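A.B. asks: Requesting a structural model of the entry that follows:
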Amino acid sequence: MPKPRNVSGSAAASAVENTDSGFSGEIVVASRIVDYLSSGLYESPAACLKELINNSYDADARRVTVFVKPDADRIIIEDDGVGMNRADFEKHFTKISESYKREDGDTTAMGRPKIGKIGIGFIAANEICDVMELFSTKKGSKELLHVSINFDVMRQSVDSRRRGDKEIAKADYEGTIENAPIDDHYTILFLKRVRGEARTILAGAASRGHTAGSKSLYGLNEEQIGAILAKPEVDSWSEFDSYSQNMLQVALNVPVQYMPDWIPHELKEPVRPFVQRTDSLQFKVTLDGTNLRKPIIFSPPSSAFVEQFKFRGHHVSADGYFYIQHKGIRPRELQGLLIRIRNAAIGDYDQSFLDFSSSEGPLFQSWVSAEIWADDRLEDAMNIDRKTLRIAHPAYVELQGAIHACLSELIKRARSELYGAGSRERDAKRAEGLVVSLGEVAKAASTTIGRPAAAALVRKWQAAGESPVLQRRLLKKYSVVDLYRVVLEVAEDVMSPAQVREFVKRLTERLSK
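C.D. replies: Numbers count the residues shown, from 1 in each chain. Alright, predicted model coming up:
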């Protein structure tokens, strides 16, 4: 995409030479409560980055490019969205909690449902850096906006940040304007002086995938990543380095596409509407050259099924799918329920399935992975952290009941179709092994009964192994009493009384040793 003059990953500050139109000020919040809620809001670097990427999505960007630059101590986010000018910046970002993102409608010009609503996602950057430098030019404008935002003020006490009776300072900024081609439109963010846990992402990038003691996805393409995640021995994302975990968490939460072969071909039809939905958004994110896709890969060890979920209620409506496979879902991060509102995930997978009874099919709950797309009415139940929902909200309660009812039925089906099928498969293998062993016993008796008779017995056992009814008989557990009774009955049918007496005597002696 086009870039402002003189901007590079290591020298962004030199981009603006014309300072005649310089401006500066403070970013404030409207109250102590909003200050408290917006401080320490995002618990991981991935949560911060996904908020900034979702801002690009709301700006109708088709492509977002993220670069991790450990040598320059920064993370760069570029997008080809509509951009902003000085007036937009001052309107949207100088007073947090007064969001104007939806004043002109709930959808973007491209028709995307806007993710942002309350206007605090922008300050997510303070969790991972001390300085954020912004370059942006708006479609149809000749202004190239350059703003440097310093979050050092956020590290100070609340009393020193008070501005009057109500407002509390969050950051200082300085900006300049220079000319830009009228057809340009983009935003570039430089997250500088990276801090806290985000520094482990820089370390992962610096090692170029050679981190000792953990796996890395650095530099791999989407097909390679998909192949790795599909391996059954990958038990958890925690096996990867911080850089890779961050990549997977961001990709899970933002509205990128699914992997091409993320689900077995024979199960694709029920999930087709959700694949088409994400494809229609035309939103792509790359991280250091890797095209991000949803890190959802199902590669069942044996049998599996998919059930569509459709619910139309008084307070909320939703659709989605439940994927169930024999034995546990791997990696474990995909176990549970993921709720999406306006195409963005609310937190991570909830392994409790909205507090589903832990006593109802506990084994099978780890076999289930579900994605639910809820309508906008559930957004009213969303907490400010965008990762949890208010459990007393009518929309939450209604959706919870529908999900629990569906899950109860699916557990019954899993118990019958998957667990039962697995049990039958194991029984068939056991019966096959018993048939082989019995055939060996029959062959060993050929010196006594003759080879033709022994061969006939072997064929008899092989035929028994092919019959489900006889398989069950083979697998029946016989006690010594049961076996004693059967043998005596056969002896009485084929032997004379004298032979039976001698046979019973020797059999009893053998069994009682």
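
A.B. asks: which sections of the stretch 301-450 of the chain are below the confidence cut-off?
C.D. replies: Counting by pLDDT under 70, the stretch 301-450 of the chain has low-confidence residues at 420-429, 431, 434-435, 438.

A.B. asks: Please enumerate the helices of it.
C.D. replies: Taking DSSP state H, counting those that start in this stretch to define them, one finds helices in the stretch 301-450 of the chain at 362-365, 394-413, 420-444, 446-449.

A.B. asks: most packed of the ones you listed?
C.D. replies: helix 394-413 (a mean of 18; mean count of other C-beta atoms under 10 Å). C-beta: built from backbone N, CA, C; applies to glycine.

A.B. asks: And the helices of the stretch 301-450 of the chain: which comes nearest Val486?
C.D. replies: helix 420-444 (14.7 Å; C-beta to C-beta).

A.B. asks: before we move on, back to that, what about the helices of the stretch 301-450 of the chain, which gets the closest to Glu239?
C.D. replies: helix 362-365 (22.5 Å).

A.B. asks: thinking again about what came up before, closest to Val487 out of the helices of the stretch 301-450 of the chain?
C.D. replies: Across the helices of the stretch 301-450 of the chain, Val487 has its closest neighbour in helix 420-444 (14.5 Å, C-beta to C-beta).

A.B. asks: any idea which helix or strand carries Leu52?
C.D. replies: If you go by DSSP states H and E, Leu52 is part of helix 45-58.

A.B. asks: starting at the chain centroid, how far to that helix?
C.D. replies: Taking C-alpha atoms, centre = their mean, to the nearest Å, one finds helix 45-58 lying 16 Å from the centre of the chain it belongs to.

A.B. asks: next one: stretch 203-222
C.D. replies: 20 Å.

A.B. asks: Start and end of it, how far apart?
C.D. replies: 22 Å (C-alpha to C-alpha, to the nearest Å).

A.B. asks: buried sites along it?
C.D. replies: Buried residues in stretch 203-222, counted by 16 or more other C-beta atoms under 10 Å: Gly204, Ala205, Thr211, Ser216, Leu217, Tyr218, Leu220, Glu222.

A.B. asks: and what of stretch 294-306?
C.D. replies: So for stretch 294-306, counting by 16+ other C-beta under 10 Å, buried means Lys294, Pro295, Ile296, Ile297, Phe298, Ser299, Pro300, Ser303, Ala304, Phe305, Val306.

A.B. asks: And for stretch 86-93?
C.D. replies: Those would be Arg86, Asp88, Phe89, Glu90, His92, Phe93, for stretch 86-93 by 16+ other C-beta under 10 Å.

A.B. asks: Let me see the contact set for the nearest residue to Glu379 once chain neighbours are set aside.
C.D. replies: In space, and not counting its chain neighbours, Glu379 is closest to Ile341: 5.1 Å by C-beta to C-beta, 6 or more residues apart in numbering. The contact partners of Ile341, taken as C-beta atoms under 8 Å, 6 or more residues apart in numbering, are Trp373, Ala374, Asp376, Leu378, Glu379, Met382.

A.B. asks: From these, which land in strands?
C.D. replies: Trp373, Ala374 (DSSP state E).

A.B. asks: The closest residue to Asp319 other than its chain neighbours: neighbouring residues, count only.
C.D. replies: Leaving aside its sequence neighbours, Asp319 sits nearest to Lys310 (C-beta to C-beta, 6+ apart; 4.9 Å). Counted by other C-beta atoms under 10 Å, the residues lying close to Lys310 total 10.

A.B. asks: my guess is Asp130 contacts Ala198, does it?
C.D. replies: No: counting by C-beta atoms under 8 Å, Asp130 does not reach Ala198; the two are 10.9 Å apart.

A.B. asks: of the two, who's got more company?
C.D. replies: Ala198 (22 against 18).

A.B. asks: where does the more buried one fall, helix, sheet strand or coil?
C.D. replies: helix (DSSP: H, G, I helix; E, B strand; the rest coil).

A.B. asks: So Asp165 versus Gly25, what's the distance?
C.D. replies: 19 Å (C-beta to C-beta, to the nearest Å).

A.B. asks: These two - which one has more neighbours?
C.D. replies: Comparing Asp165 with Gly25 by other C-beta under 10 Å, the one with more neighbours is Gly25, at 13 against 6.

A.B. asks: Across the sheet, point out what pairs with the more buried one.
C.D. replies: Tyr173 (DSSP bridges).

A.B. asks: what residues are up against it?
C.D. replies: Glu90, Thr94, Asp172, Tyr173.

A.B. asks: And for Leu281?
C.D. replies: Taking C-beta under 8 Å, 6+ apart, one finds Tyr57, Arg112, Pro255, Asn343 in contact with Leu281.

A.B. asks: what number of residues lie near the second one?
C.D. replies: For Arg112, the count of nearby residues is 20 (other C-beta under 10 Å).

A.B. asks: Next: the first one.
C.D. replies: When neighbours are counted by other C-beta under 10 Å, Tyr57 registers 29.
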